[in-house]
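Chemist: Below: sequence and its predicted model.
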Amino acid sequence: MAPEVFTLAQTPITSHSFSPDRRQLAVSLNSNEAQIFSRQGSEWVQTETLAEHDKLITSIDWAPNTNRIVTASQDRNAYVWQQQNDPETGKLIWKPTLVLLRINRAATHVRWSPNEDKFAVASGARAIAICSFDPENNWWVAKQLKKPIRSTVLSVDWHPNNVLLAAGSADMKARVFSAYIKEVDQKPAPTVWGSKLPFNTVCGEYASPAGGWVHSVGFSPSGDVLAFASHDSSISIVYPGGPAVYTIRMSTLPFVSLTWTSEDSIVAAGHDCRPIVFSGNEQGWQESGTLDDATSSKSNESRSGFGGGSPTVGRLKAGAFATFRDADTRGQSSMAGAGTGGSDSKLLTIHQNTITNVRPYEFNGSTVSKVSTSGVDGMLVVWDVNDVSALTSRLSATRLR
Amino acid sequence: MDGAFRKIDVDQYDEDVLHESELYDADPRSPAEVLDDVRQRQGAVRSLLAKNDISGALSVILENAPYGPNVDDAKNLNLQTLLTVLNTTKSTDITNIIKTLSPDAQDTLMKYLYKGMGLPGWGDISGSVLLGWHEKLTEVAGVGCIVRTMTDRRTV
């Protein structure tokens, strides 16, 4: 099935999260307000605005069972939004509840725990705030995971047992912590990550292979395997029981987001502007293809010019490079003859700029059948994860040129 | 106005400051051992070059390349050994040789190419050779290889 493509805005989409029924969508359009879009036919129409933050909203998560939205922002605050009846008009509106994060730098990423009774806020304050509700004061209070984080935490992901938390950080490490909160959690059963798990236990610490920031982390559906993508253009899959770490070095630009779609497959995307699928198991992992199929829809040329191999140079020469060369050597400005100049600088991928978020969209039993991506180009795309087209054959074809 | 206060190293008052040594695992060998190792490799490379085994010679140079602080002598010597190999390779052979290298060796080779291009004066001597290798290496290993050169703190 062809991917569904929506252009939501001309500005970057910093974060997106769907409502439980997928009829609504919360996004941050690179501003201090979160927008709620509703699906009307094949369009998304903006219906509500969540305005409370002072600075850019960095991350949004919509809890699927309790229907609450949490937003995290560079203003060092997070809010939990709940739908309530407005006492004056009687209409349902989103009301914010304060979260006492106690961090002195921006909040960078937020995720609800599987039971939706806690959430984790990553921050630039070298800490992760684990927040739980305090009914006496009607606000959310935080306990901080600090050691041994040495730099900004860029992403978090919960283990299905509601206790363990993975975090990727700019100190080039991915870590697994215990975020056990006595008031909220039952004693967790032992896992491959450990059996005694008081708060802030470090259950694992893994360095990125060539010293890149760890942009994204994710537990497999069972929670027994951890994957992380880092800025050294690599993705690593960790089997703690092994102990084995499989690393795939990419020939492309780095990934910034990833999500597991089943116990043996991962979708990752980032600066290369197209989602890549990886598959594997305890024996090893490999790249199995891309969801953004080049050949079928547009042209026989290789897609994104950033892709592995020779097309890089070719695309640059054809696009922006040619514009400047013409301006330089012939005094031609392609601005005047807009026809050709505009189409040349278009990427062959669907996304026209970095993909910053990959999230599960539709489930089929325990596996994910569709994922959604959003990026700097203001587009939101829903992909069928089984629609994988081989990357390898096309790559070898371009190499033969 | 006195601008001396701008030169104060404010990091020294920060207990949590991140040190260079915490960014990567240090080489367990002492600087003298590393230099010794690089000298021995220089000999091995010469004999491989005499047999015209260029990819073997490159692998020897690029494996366990010296990195980190205090081993500048060894780093420069290894770079010179590498340059003798690069300079003696026919440009038509480059792509096939690069394909025989391991991904690790490809990444390390890219680091050396950038180091070579960055040294003052070196561009005049071997600039075109380095650029030729850079072009071929990028075709084989992709831009990911360049990204890793930029991110990796284990500089050669």
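Modeler: Nice, I can see it.

Chemist: Neighbours of the nearest residue to A:Val163 once chain neighbours are set aside, how many?
Modeler: Spatially, and ignoring its direct neighbours in sequence, A:Val163 is nearest to A:Pro188 (4.4 Å; CB to CB, 6 or more residues apart in numbering or on different chains). (Glycine included, C-beta is placed from N, CA and C.) A:Pro188 sits with 18 neighbouring residues when counted by other CB atoms under 10 Å in any protein chain shown.

Chemist: Check the gap between A:Pro188 and A:Glu263 for me.
Modeler: A:Pro188 sits 20 Å away from A:Glu263, going by CB to CB, to the nearest Å.

Chemist: Just confirm B:Leu82 is within a helix.
Modeler: Yes. According to DSSP: H, G, I helix; E, B strand; the rest coil, B:Leu82 belongs to a helix.

Chemist: The residue in chain B positioned nearest to chain A: neighbouring residues, count only.
Modeler: Chain B approaches chain A most closely through B:Gly142 (2.4 Å), counting by CB to the nearest CB. The local packing of B:Gly142 (other CB under 10 Å) involves 25 other residues.

Chemist: same deal with the one 5 residues further on?
Modeler: B:Val147 sits with 25 neighbouring residues when counted by other CB under 10 Å.

Chemist: Who are the contact partners of it?
Modeler: A:212, A:231-233, A:253-254 (CB atoms under 8 Å, 6 or more residues apart in numbering or on different chains).

Chemist: 7 Å - rerun?
Modeler: A:232-233, A:253-254 (CB atoms under 7 Å, 6 or more residues apart in numbering or on different chains).

Chemist: B:Gly68 too?
Modeler: Counted by CB under 7 Å, 6+ apart, B:Gly68 has contacts B:26-27, B:154.

Chemist: same deal with A:Asp54?
Modeler: A:32, A:75.

Chemist: sec struct for it, please.
Modeler: Quick answer, by three-state DSSP: A:Asp54 is coil.

Chemist: One more: A:Gly204?
Modeler: A:Gly204 - assigned by three-state DSSP - is strand.

Chemist: Looking from chain B, tell me which residue of the stretch 101-250 of chain A is nearest.
Modeler: The minimum distance from the stretch 101-250 of chain A to chain B, using CB to the nearest CB, falls at A:Ser233 (3.4 Å).

Chemist: so how far is the worst-scoring helix or strand of chain B on mean pLDDT off the chain centroid?
Modeler: Least confident helix or strand of chain B, by mean pLDDT, DSSP states H and E, is helix B:122-141 with a mean of 87. Distance of helix B:122-141 from the chain centroid (CA atoms, centre = their mean, to the nearest Å) equals 13 Å.

Chemist: buried ones in that helix?
Modeler: Of all the residues in helix B:122-141, those buried under the rule 16 or more other CB atoms under 10 Å in any protein chain shown are B:126, B:129-130, B:132-134, B:136-141.

Chemist: Tell me the one of those residues nearest A:Ala127?
Modeler: Nearest to A:Ala127 among the buried residues of helix B:122-141, counting by CB to CB, is B:Ala141 at 37.3 Å.

Chemist: quick one: the strands in the stretch 301-401 of chain A?
Modeler: A:355-364, A:367-375, A:379-384 (DSSP state E, counting those that start in this stretch).

Chemist: Please produce CSV containing those, extended by distance to A:Tyr246.
Modeler: Putting those into CSV (distance: least, CB to CB, whole Å) gives the following:
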stretch, distance to A:Tyr246
strand A:355-364, 20
strand A:367-375, 21
strand A:379-384, 24
